[in-house]
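*Asks:* give the three-dimensional model of this entry:
(chains A and B)
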Amino acid sequence: QTVVTQEPSFSVSPGETVTLTCGLTSGSVSTTFYPSWYQQTPGQVPRTLIYSTNIRSSGVPDRFSGSILGSKAALTITGAQSEDESDYYCLLYMGSGIYVFGPGTKVTVL
Amino acid sequence: QAQLVQSGAEVKKPGASVKVSCKASGYTFSNYHVHWVRQAPGQGLEWMGIITPSNGVTSYAQKFKGRVSMTRDTSTRTVYMELSSLRSDDTAIYFCAREIGEIGSGVCCSFDYWGQGTLVTVSS
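*Replies:* Reported below is the predicted structural model:
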């Protein structure tokens, strides 16, 4: 069974750039998986950041961007800010009406 | 402005069932898929399934097949998620979420509006 992968954690200094990835244990992620990205702080409802690989959701700052890097989907935060300290999840459409979340990446800004 | 309002917290015993509601407002109910996502305490997000409100067609994650049922009532603009044979590891916050694009628009596969979440606690 194919599993979605994400880095468990990242630590970044304010103003730095960080790229999170979303891959598969078998195969490559492409635009046909419609990768999307979600930000969640503890106790809060998830917030949609990026959908369909690289489209920013309404109100999302442009320091967040999505892409395909090699065989993975990627979320880049350019110029991280303290308020970006959160958990980040990717979601992939596997076809036939089935979706799978990645395990999430905890981003610390310090 | 679209809005999804979920029912309140539930406490259930192992083996019981729970039915969570998600009432939609502010948009054409039949035109958008609705997803269900859950999050156990301290854990990540888990996609459970999707329902098409216009015709009730559903698709469920393999993990929940046979235990979950998603239905809708178009007269009240409400979708429901029922989970049966509850176990302690079903303790979680359950979210409904509207798919980001209208059905047939070509925009899909993500969410724009989320419900506030419903805590379901399974404990003897």
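*Asks:* what residues does chain B put near chain A?
*Replies:* Selection of chain B residues close to chain A by C-beta under 8 Å from any C-beta of the partner chain yields B:35, B:37, B:44-47, B:50, B:59, B:61-62, B:95, B:100, B:107-112, B:114-117. Where you see a C-beta, it was placed from the backbone N, CA and C, and this is true even at glycine.
*Asks:* again, only using 10 Å
*Replies:* B:33, B:35, B:37, B:39, B:42-50, B:52, B:57-62, B:93, B:95, B:97, B:99-101, B:106-117 (C-beta under 10 Å from any C-beta of the partner chain).
*Asks:* now, of those residues, which are buried?
*Replies:* B:33, B:35, B:37, B:39, B:45-50, B:52, B:58-61, B:93, B:95, B:97, B:99-101, B:107-115, B:117 (16 or more other C-beta atoms under 10 Å in any protein chain shown).
*Asks:* now, which of those residues lie within strands?
*Replies:* Where those overlap with strands, as defined by DSSP state E, the overlap consists of B:35, B:37, B:39, B:45-50, B:58-60, B:93, B:95, B:97, B:99, B:111-114.
*Asks:* residue 40: what's it in contact with?
*Replies:* Just so you know, I chose chain A. When contacts are counted by C-beta atoms under 10 Å, 6 or more residues apart in numbering or on different chains, residue A:40 touches A:46, A:47, A:86, A:87, A:88, A:89, A:104, B:39, B:44, B:45.
*Asks:* my question was about chain B
*Replies:* By C-beta under 10 Å, 6+ apart, the neighbours of residue B:40 are B:46, B:89, B:90, B:91, B:92, B:93.
*Asks:* rerun that using 6 Å as the cut-off
*Replies:* Listed by C-beta atoms under 6 Å, 6 or more residues apart in numbering or on different chains, the contact set of residue B:40 reads residue B:92.
*Asks:* in stretch B:75-85, what's buried?
*Replies:* The neighbour-count criterion (16+ other C-beta under 10 Å) identifies B:77, B:78, B:79, B:80, B:81, B:83 as the buried residues of stretch B:75-85.
*Asks:* same question for stretch A:3-21.
*Replies:* Judged by neighbour count using 16+ other C-beta under 10 Å, the buried positions of stretch A:3-21 are A:4, A:5, A:6, A:7, A:10, A:12, A:18, A:20, A:21.
*Asks:* stretch A:25-35 now?
*Replies:* Residues A:29, A:33, A:34, A:35 are the ones in stretch A:25-35 that count as buried (16+ other C-beta under 10 Å).
*Asks:* can you tell me the closest non-neighbouring residue to the last one?
*Replies:* Right, residue A:35. Closest residue to residue A:35 in three dimensions, ignoring its sequence neighbours and counting by C-beta to C-beta, 6 or more residues apart in numbering or on different chains: residue A:73, at 3.5 Å.
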